[in-house]
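>>> structure, please.
(2 chains)
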Amino acid sequence: MLNETKAGKFRIQGNTILVTIIFIFLTAAPFFMSSFRMNMFGKYMCFALIAIGIDMIWGYAGILSLGHGVYFGLGAYCMAMHLKLEASGGALPDFMAWSAMEKLPGFWKPFESTAFTLLAVVLVPVTVAAIIGSLTFLNRIRGVYFSILSQALAYALATFMIGRQEYFGGSNGLTNFSTIFGCPIQSTQTKIILFYCTLAALILAYVGCRFLVKRRIGRVLIAVRDAENRARFTGYSPAVYKVFVYCLSAALAGIAGALYVPQVGIISPTDINISPSIEMVIWVAVGGKGTLVGPVLGALVVNFLKSLISEQFPAFWQFFMGGVFILVVLFLPGGLVSIKEIPAKIKARKLKKEE
Amino acid sequence: MDLLLMQLFNSLSVSSILLLAALGLAITFGLMGVINMAHGELIMIGAYTTYVVQNIWKSVFPESLFDGYFIASIFISFLVTAGIGVLLERGIIRHLYGRALDSLLVTWGISLVLQQLVRSIFGPTNVSVACPSFLDKNIEVIGMFSMSYKRLFILALVIICCILIGLLMYRTRQGRNIRAAMQNRPMAASLGVNTARCDALTFAIGSGFAGVAGCAIALLGPIGPTIGQSYIVDTFMAVVVGGVGRIVGCITGSAIIGMGGPIFEFFTTASLGKVLIFIVVIIILQFCPKGIFSISNRVLDE
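Purely as a prediction, here's the structure:
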């Protein structure tokens, strides 16, 4: 028993060290990286932000969402609409003119305001998540049923965006931005500012979520994950907690989307469809669900490898990804952060065999 | 009017293909609690098997026997995908019982690998099979509305498969064992049902029917490595709406998704149709969270 608590304490410390190293590395990144690589890491940090959100619902509350691309996409599209309006400077955005639209649709109007956009980036995903969440969790739709629904949601939204060429740019998405809040989007200075904004958002999200999971709400979420009915009988309402955490994770994905758009310069329905949504889950699984450092590590490592491998051998990437996914879930359910526990596990197994 | 009838008929054949795919998915899900994300890839492999059989048949048999390839490929597709299903079940999925969400992720990994494998072998471009001449006809019904033999054949094929699966589940000893394991696995096991064999068998049959579905899809258009993906979401929705573990649930679910989508699309637009069908599914699940037809039991935690 004593040994166990000791090991537990060590693990928390180990993870704290790991997360400090990651954040120091990221803070220093612009000083030694080329502008291109830095931009890439900026993108990965957006992904890490989504991964923290997914970990909150999957690792802590046991809800597997296969459609988080939806919330990422909503945040990203809100931001992209604002940037698009800024780029067109009062004229009709180019793709609308191509689709023979005559005037700006009404719901685009408010996105001319910066304050509204920044609010919408969070509020739109949260509203959608609150509606979907309360319709499903209150009715006790859970487990794989919820996963399938969330997947269908991603599919429905992507199809909708593709079909609405005149409103959302169809399968090309929204692109060709020039400025963000008045600063030229291509300049190195803007890129560095965006990089640090993303880093700040990531650190805030990490600290905030850590604060939450150490409090009672974190305990209740874990209780809901492990024995939902028992939590209900004890007097907690699992649905309320689930809706809350689902909205929280949607908000994180939305913010990530808003930071992603100016750094990458495009958002299209391919980025929010089923495959990218499941990829987001892969980051969490590879890094280690149920810890907060795991998803950050997973998102950074997997995406870095993805860039490396798909630059060299494009065909190999899908094999690699599929293979890693199978191996991690089968043999390393705790993800990368649990690697250090492997020797102890092997030892335990040996002892068991000897008995 | 003609157009609407046409649309209805086409969506009927789409629902029948969905039904074929959903049957396999629903019984494996009902029995083992495993959502097989690679099911779409099994459909794709079925379609590619048809393509391979066609090419081999062409080089071995004389021209006059060419039409026979399709009948043969239905059986060969079934066997090939059933074989792959058994391999997957014995090799990987067996280790994941009771971890439904994990099995979902692992099978997604498998689907990525299978997709890339087929892409490496056959290339990324679409291939197509020649429609056998006895199916390459239409019946003129009224005006513009005509029913193609292909789609009628698929309909008949699906009905036969449903009857076969119904007979298997409700008229044989093995089927009774499967249903017993579905309702209460430990109880069935302690009464002497070999549940491991049930699992392997069910998975094989489910995968086999996915192969047959692939065969049917090959008739309708060109096939590519990602063709399974385009069916899998609808198939899952059909299973969820219809409920797990009963054939009648599958039929209802496939009908709702397969017919509902195109009908909405007919009256609105293709993009709005998908959103509307999603809303309908959510509404249905408000009233029956486990699908329209589900096996009721009194187990609280599953």
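>>> could you report the neighbour count for residue 279?
Since no chain was named, I'll use chain A. Using other Cβ atoms under 10 Å in any protein chain shown, A:Glu279 has 20 neighbouring residues. For the C-beta atoms, the positions are set from N, CA and C on the backbone; glycine is no exception.
>>> wrong one, I was asking about chain B
Each residue near B:Ile279 was counted by other Cβ under 10 Å, and the total is 12.
>>> before we move on, which element is it in?
Secondary-structure assignment from DSSP states H and E places B:Ile279 in helix B:270-287.
>>> skipping its backbone neighbours, what lies nearest B:Leu201 in space?
Leaving aside its sequence neighbours, B:Leu201 sits nearest to B:Gln174 (Cβ to Cβ, 6 or more residues apart in numbering or on different chains; 6.7 Å).
>>> how much space between the one you found and A:His82?
In this view, B:Gln174 and A:His82 are 61 Å apart by Cβ to Cβ, to the nearest Å.
>>> number of residues surrounding the nearest residue to B:Ser254 once chain neighbours are set aside?
Counting by Cβ to Cβ, 6+ apart, the nearest residue to B:Ser254 once its immediate chain neighbours are dropped is B:Leu19, at 3.8 Å. Taking other Cβ under 10 Å as the criterion, the count of residues near B:Leu19 is 28.
>>> just checking, B:Leu19 touches B:Val248?
No - with contact defined as Cβ atoms under 8 Å, B:Leu19 and B:Val248 do not form a contacting pair (11.2 Å).
>>> sorry, back to before: pLDDT value on the residue nearest to B:Ser254, please?
Listed pLDDT for B:Leu19 reads 90.
>>> now for it: which residues touch it?
Listed by Cβ atoms under 8 Å, 6 or more residues apart in numbering or on different chains, the contact partners of B:Leu19 are B:Val158, B:Cys162, B:Ala238, B:Cys250, B:Ile251, B:Ser254, B:Ala255, B:Gly258.
>>> where does the first one fall, secondary structure wise?
Spelled out, it's B:Val158. For B:Val158, the enclosing helix or strand under DSSP H and E is helix B:149-171.
>>> quick one, what contacts the closest residue to chain A within the stretch 201-302 of chain B?
Nearest to chain A in the stretch 201-302 of chain B, going by Cβ to the nearest Cβ, is B:Ser271, at a distance of 2.1 Å. Contacts for B:Ser271 were tallied using Cβ under 8 Å, 6+ apart; they are A:Thr159, A:Phe160, A:Met161, A:Ile162, A:Gly163, A:Arg164.
>>> can you flag the buried ones in these?
Buried residues within those, defined by neighbour count using 16 or more other Cβ atoms under 10 Å in any protein chain shown: A:Thr159, A:Phe160, A:Met161, A:Ile162, A:Gly163, A:Arg164.
>>> surely the last one meets A:Asn172?
No - no contact is recorded between A:Arg164 and A:Asn172 when judged using Cβ under 8 Å, the distance being 12.0 Å.
>>> would you map the strands across the stretch 1-150 of chain B?
In order along the chain, the stretch 1-150 of chain B carries the following strands (DSSP state E, counting those that start in this stretch): B:138-142, B:145-148.
>>> so which of the ones you listed gets nearest chain A?
Checking the strands of the stretch 1-150 of chain B against chain A by Cβ to the nearest Cβ gives strand B:145-148 as the closest, at 26.5 Å.
>>> mind listing what's buried in that closest one?
When burial is assessed from 16+ other Cβ under 10 Å, strand B:145-148 yields the following buried residues: B:Phe145, B:Met147, B:Ser148.
>>> from these, pick the one nearest A:Arg349.
Nearest to A:Arg349 among the buried residues of strand B:145-148 is B:Ser148, at 60.2 Å by Cβ to Cβ.
>>> give me the pLDDT for the nearest residue to that closest one once chain neighbours are set aside.
Excluding the flanking residues, the one nearest B:Ser148 by Cβ to Cβ, 6+ apart is B:Asn138, at 5.1 Å. B:Asn138 is assigned 80 on the pLDDT scale.
>>> tell me the contacts of B:Asn138?
Under the criterion of Cβ under 8 Å, 6+ apart, the contact list for B:Asn138 reads B:Ser146, B:Met147, B:Ser148, B:Tyr149.
>>> how about JSON lines for the buried ones among the contacts of B:Ser271, with secondary structure, pLDDT and distance to chain B added?
Putting these into JSON lines (DSSP: H, G, I helix; E, B strand; the rest coil; pLDDT from 0 to 100; distance: Cβ to the nearest Cβ, whole Å) gives the following:
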{"residue": "A:Thr159", "secondary structure": "helix", "pLDDT": "88", "distance to chain B": "4"}
{"residue": "A:Phe160", "secondary structure": "helix", "pLDDT": "88", "distance to chain B": "5"}
{"residue": "A:Met161", "secondary structure": "helix", "pLDDT": "89", "distance to chain B": "8"}
{"residue": "A:Ile162", "secondary structure": "helix", "pLDDT": "88", "distance to chain B": "6"}
{"residue": "A:Gly163", "secondary structure": "helix", "pLDDT": "85", "distance to chain B": "2"}
{"residue": "A:Arg164", "secondary structure": "coil", "pLDDT": "83", "distance to chain B": "6"}
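>>> identify the farthest-apart pair in these.
Looking at the buried ones among the contacts of B:Ser271 by Cβ to Cβ, the two members farthest from one another are A:Thr159 and A:Arg164, with 9.7 Å of separation.
>>> could you export the helix or strand bottoming out on mean pLDDT in chain B as CSV, CA atoms only?
The helix or strand of chain B with the poorest confidence is strand B:138-142; it has a mean of 76 (mean pLDDT, DSSP states H and E). What follows is strand B:138-142 as a C-alpha-only set of coordinates in CSV (Å, rounded to 0.1, in the frame of the first residue of the first chain):
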residue,chain,number,x,y,z
ASN,B,138,-34.4,-2.3,-67.7
ILE,B,139,-38.1,-2.9,-67.1
GLU,B,140,-40.1,0.1,-68.3
VAL,B,141,-42.8,0.7,-65.8
ILE,B,142,-44.5,4.0,-66.5
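>>> so in that sheet, which strands flank it, and in what orientation?
Looking at strand B:138-142 with DSSP bridges, its paired strands and their directions are strand B:145-148 (antiparallel).
>>> kindly format the C-alpha coordinates of the partner strand as PDB.
In PDB, the C-alpha atoms belonging to strand B:145-148 read as follows (Å, rounded to 0.1, in the frame of the first residue of the first chain):
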ATOM      1  CA  PHE B 145     -39.600   5.400 -64.600                       C
ATOM      2  CA  SER B 146     -37.800   2.100 -65.300                       C
ATOM      3  CA  MET B 147     -36.300  -0.400 -62.900                       C
ATOM      4  CA  SER B 148     -32.900  -1.800 -63.800                       C
END
